[in-house]
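Novice: I'll drop the sequence and a predicted model, then ask my questions.
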Amino acid sequence: MDTLLSSSSSLAVLSCLPPVRTITSPSKLHSAMASFGFALSINGLRRNQQSLTSSTIPKFSIRCGGGIKEIKESEFLSTVLESNRPVLVEFVATWCGPCRLISPAMESMAQEYGERLEVVKIDHDANPQLIEEYKVYGLPTLILFKDGQEVAESRREGAITKPKLEEYLDALLETISVA
């Protein structure tokens, strides 16, 4: 489950939708919330879209729910390469349509396969060294790592349906003997 967080201690909006992007602009927040039929409540006062200004809105961020952790280059070594269990790395970008398309399936797989592997997300634009090192040419790109190494034949580019993603993961986990 995703949570819309505010720097204000009195606001938390829960949603069962997968995260698509962080909303930091008050005007974008207004239109996003209005399009889903939300009214904003800050410090117990109910306000409609028109009465909110940038000075009255705290900054927001959207956090991934389930089991996908977003990491940076500085965390790659400890989170992926030094992990004692397999790690599925998803290279994505906020502007990438296919990345947003597979987001719900990836969240679901992270929860379903949580006992057998860890799933992490890496932002293409914010991590250029990893993109270059692992030669990520298309987005989204999925790569499975085990014992600090890329698993042979694990690289997959482009959008994928949930059933195909399950087949992909089952086949990979079987080849590396993770039951």
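Specialist: Arrived safely.

Novice: got the buried residues for stretch 112-126?
Specialist: Within stretch 112-126, the residues scored as buried using 16 or more other CB atoms under 10 Å are 113, 117-124. Quick note: C-beta positions are derived from backbone N, CA and C, even for glycine.

Novice: tell me which of those is nearest to residue 158?
Specialist: Distance ranking of the buried residues of stretch 112-126 against residue 158, using CB to CB, places residue 124 first at 14.0 Å.

Novice: phi and psi next, for that closest one.
Specialist: Here is the backbone geometry of residue 124 (degrees, to the nearest 10): phi -50, psi -50.

Novice: mind checking pLDDT for it?
Specialist: Looking at residue 124, its pLDDT is 96.

Novice: what's the closest non-adjacent residue to it?
Specialist: residue 93 (4.2 Å; CB to CB, 6 or more residues apart in numbering).

Novice: report how many residues lie close to that neighbour.
Specialist: Per other CB atoms under 10 Å, the neighbour tally for residue 93 reads 17.

Novice: wait, isn't it in contact with residue 99?
Specialist: Yes: contact criterion CB atoms under 8 Å: residue 93 and residue 99 qualify, at 6.1 Å.

Novice: helix/strand/coil for residue 90?
Specialist: Three-state assignment for residue 90 (DSSP: H, G, I helix; E, B strand; the rest coil): strand.

Novice: will you turn the buried residues of stretch 112-126 into TSV that also has distance to residue 147?
Specialist: Listed next are the buried residues of stretch 112-126 as TSV, based on distance: CB to CB, whole Å:
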residue	distance to residue 147
113	18
117	13
118	13
119	17
120	16
121	21
122	19
123	25
124	25
